[in-house]
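Asker: Mind folding the following:
(one chain, ligands or ions: 4)
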Amino acid sequence: CPINGDDIRQCFLNFYASRGHKILPSASLVPDDPTVLLTIAGMLPFKPIFLGKEPKRIPRATTAQRCIRTTDVDNVGRTARHHTFFEMLGNFSFGDYFKREAIHWAWELSTKEFQLPSERLWVSVFKDDDEAYSIWHDEVGVPKERIKRMGEDDNFWTSGATGPCGPCSEIYYDFHPERGYSDADDLGDDSRFIEFYNLVFMEYNKKDDGSLEPLKERNIDTGMGLERMAQILQKVPNNYETDLIFPIIDKASELAKVSYAEANDVMKTNLKIIGDHMRAVVYLISDGVYPSNIGRGYVVRRLIRRVVRIGRLLGIKGDTDGNPEAPFLPVLAETVINLSSCIDPEVKANKPRIIEELKREELRFIHTLERGEKLLDQLLDSALSVAQDNGNLQKPCLSGKDAFLLYDTFGFPVEITIEVAQERGVGVDMEGFDIEMENQRRQSQAAHNVVKLSVGSETELTKNVQDTEFLGYETLSANAVVKG
Ligand code: ATP
Ligand code: MG
Ligand code: MG
Ligand code: MG
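Answerer: Numbers count the residues shown, from 1 in each chain. Ligands and ions are numbered 1, 2, ... in the order given. Coordinates of the predicted model:
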């Protein structure tokens, strides 16, 4: 049975290859799909095939797909099993085999290849899916106490608001079989269970109006979290302490001069966040996503800036050579890149570009970070004292204007402001923030128009506006430009 992460990945791919699946390389984190920001699951590259928009060239495929789920960012380091960046191992059937084979193979892989004791495995099925229930119960032999029927939230998988979808069936590992069975057993109890494999019986297309239209063919789409299987097989308490991620945490501990084993819970969480986010940003940049204030670029920017801030909280200053002025992200990136060969062989070739981007973004942020932190502290102090003066009738709150000032002038992604405020029990007026953001957009648009009408060539002036983007459009007010 495989133990290290790279072997687990290969074992999965080989298992399905020997059952007629073609091993395909991971697709980019940037999907070829305008409705999705980033690749969130192994099925995404195959969406056009499932929808019948592209011909299938093969009936079966298997992949280890790199994925990003920004929706899990607040779980990072707080649960044992969630990352923003992770690898999803998948086997896919394009109108070929369906439920029976998918279930039997998933069981065989889990119990024979990975040698998980069958009495530790629990499964869930969609509440109405009697077919899946009976395959698990009558054919595989899972006792009824360990099969749970669950509702739409857990057992009906959709890749987004619209698109291919279907009922699913999941396999869970039980860390505490000694607790026995009871009616109250809740597979969502993560002190006991971990979901590691999801089998989606993809037979519908969800339309704009929410209705389900049967697909021409019935497909299989599955996902197994590599880091989760590594956690189980390596017998460590969380995904972060597996060989896939721990070396990054180790490097961060070395930079911070702390010992992970002796660190308190807050420090451990912060080290895990660094381990997670560093992987995410390295693979995003490698796939061509650069820090910016919009869309995918903003995802990279806020993850990088969070690492920079958290690194400082941990006491990281400078690189391993003792140069206090040197950026530290490149040091961590080096470790991520060293671990990358089997995840994506192209990362090593992109190393200079990755290091350069990280360095640039870190230095850009560090420049204003200290002053911004001081200001944020003061703003939080005064939000707390205003609330106190009002008899604490309302929760202390930072205004949208202040959050915007931090964003616009000090480069604080609003998610960082929210996080810091939350630590001190202060909320952030997001509605107000959005209004400020919208105002800025309108002003920049106005400036743009004035420029176009008043002076010089359009391209030259458009370039000016773009060059000064980082300072915020406010500094380039319409008047100033017209006078200039
Ligand atoms: P969970 O309920 O634990 O959040 P999920 O039901 O959202 O997981 P799926 O969408 O079913 O996850 O994805 C398929 C598999 O991918 C999961 O069974 C899990 O092994 C893995 N996975 C999903 N999200 C993450 C994540 N954020 N980090 C690591 N692995 C993940
Ligand atoms: Mg989830
Ligand atoms: Mg789930
Ligand atoms: Mg799931």
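
Asker: and the stretch 251-400 of the chain, which of its residues are near ligand 1?
Answerer: Nowhere does the stretch 251-400 of the chain come near ligand 1, counting by CB under 6 Å from any ligand atom. Glycine gets a C-beta too; all of them are placed from N, C-alpha and C.

Asker: Name the residue of the stretch 251-400 of the chain that lies nearest to ligand 1.
Answerer: residue 276 (8.7 Å; CB to the nearest ligand atom).

Asker: I'd say residue 277 and residue 76 touch.
Answerer: Yes: if you go by CB atoms under 8 Å, residue 277 and residue 76 touch, sitting 7.4 Å apart.

Asker: mind checking pLDDT for residue 454?
Answerer: With respect to pLDDT, residue 454 scores 36.

Asker: can you confirm the residue of the stretch 251-400 of the chain closest to ligand 1 is in a strand?
Answerer: No: counting by DSSP: H, G, I helix; E, B strand; the rest coil, residue 276 is not part of a strand but helix.

Asker: Among residue 277 and residue 76, which residue is more densely surrounded?
Answerer: Counted by other CB atoms under 10 Å, residue 277 and residue 76 do not tie: residue 277 has more neighbours, with 28 against 23.

Asker: which SS class is residue 213?
Answerer: strand.

Asker: how close does the closest residue to it other than its chain neighbours get to ligand 1?
Answerer: Nearest residue to residue 213 in three dimensions, chain neighbours excluded: residue 205, at 4.9 Å (CB to CB, 6 or more residues apart in numbering). Distance of residue 205 to ligand 1, given as CB to the nearest ligand atom, to the nearest Å: 18 Å.

Asker: Does residue 205 have any beta-bridge partners, and if so which?
Answerer: residue 164, residue 213 (DSSP bridges).

Asker: just checking, it touches residue 215?
Answerer: Yes: at 5.5 Å, residue 205 counts as touching residue 215 under the criterion of CB under 8 Å.

Asker: What does residue 220 show for phi and psi?
Answerer: Dihedral pair for residue 220: phi -120, psi 130, per degrees, to the nearest 10.

Asker: Residue 60 too?
Answerer: phi -140, psi 140.

Asker: That one reaches residue 21, doesn't it?
Answerer: Yes: Residue 60 lies in contact with residue 21 (CB under 8 Å); the separation is 4.2 Å.

Asker: Domain boundaries for the protein, per the record?
Answerer: As given by automatic domain parsing, the domain ranges for the chain are 5-234, 240-366, 436-484.

Asker: where among these is the average confidence lowest?
Answerer: domain 436-484 (a mean of 48).

Asker: phi, psi of the residue of the chain found nearest ligand 1?
Answerer: Taking CB to the nearest ligand atom as the measure, the chain has residue 225 as its residue closest to ligand 1, at 2.6 Å. The phi/psi pair for residue 225 (degrees, to the nearest 10) reads phi -70, psi 120.

Asker: ok, now which ones touch it?
Answerer: For residue 225, the contact set (CB atoms under 8 Å, 6 or more residues apart in numbering) comprises 81, 86, 87, 88, 89, 196, 239.

Asker: Test my guess that the third one contacts residue 340.
Answerer: No: because the distance of 11.3 Å does not satisfy CB under 8 Å, residue 87 is recorded as not touching residue 340.

Asker: Which one's more surrounded, the two?
Answerer: Ranked by neighbour count (other CB under 10 Å), residue 87 and residue 340 place residue 87 first, with 29 against 20.

Asker: and that one, helix, strand or coil?
Answerer: strand.

Asker: which residues touch it?
Answerer: 9, 26, 64, 65, 66, 67, 225, 226, 227, 343.

Asker: Those in helices, which ones?
Answerer: Mapping the contacts of residue 87 onto helices (DSSP state H) picks out 9, 226, 227.

Asker: Quick check: bridge partners of the closest residue to the first one other than its chain neighbours?
Answerer: When you say that, I think you mean residue 9. Nearest non-adjacent residue to residue 9, counting by CB to CB, 6+ apart: residue 64, 5.0 Å away. With DSSP bridges as the criterion, residue 64 is bridged to residue 89.

Asker: From residue 411, how far off is residue 64?
Answerer: 35 Å (CB to CB, to the nearest Å).

Asker: Those two - which one has more neighbours?
Answerer: Set residue 64 next to residue 411 and count neighbours by other CB under 10 Å: residue 64 wins out with 24 against 21.

Asker: List the contacts of the more buried one.
Answerer: 9, 12, 13, 26, 87, 88, 89, 90, 226, 343.

Asker: Settle this for me: residue 257 is touching residue 315, isn't it.
Answerer: Yes: counting by CB under 8 Å, residue 315 is a contact partner of residue 257 at 6.7 Å.

Asker: Between the two, which contacts overlap?
Answerer: Counting by CB under 8 Å, 6+ apart, nothing touches both residue 257 and residue 315.

Asker: Quick check: phi and psi on residue 207?
Answerer: With angles defined as degrees, to the nearest 10, residue 207 sits at phi -100, psi 170.

Asker: wait, it sits on residue 161?
Answerer: No: if you go by CB under 8 Å, residue 207 and residue 161 don't touch, sitting 10.0 Å apart.
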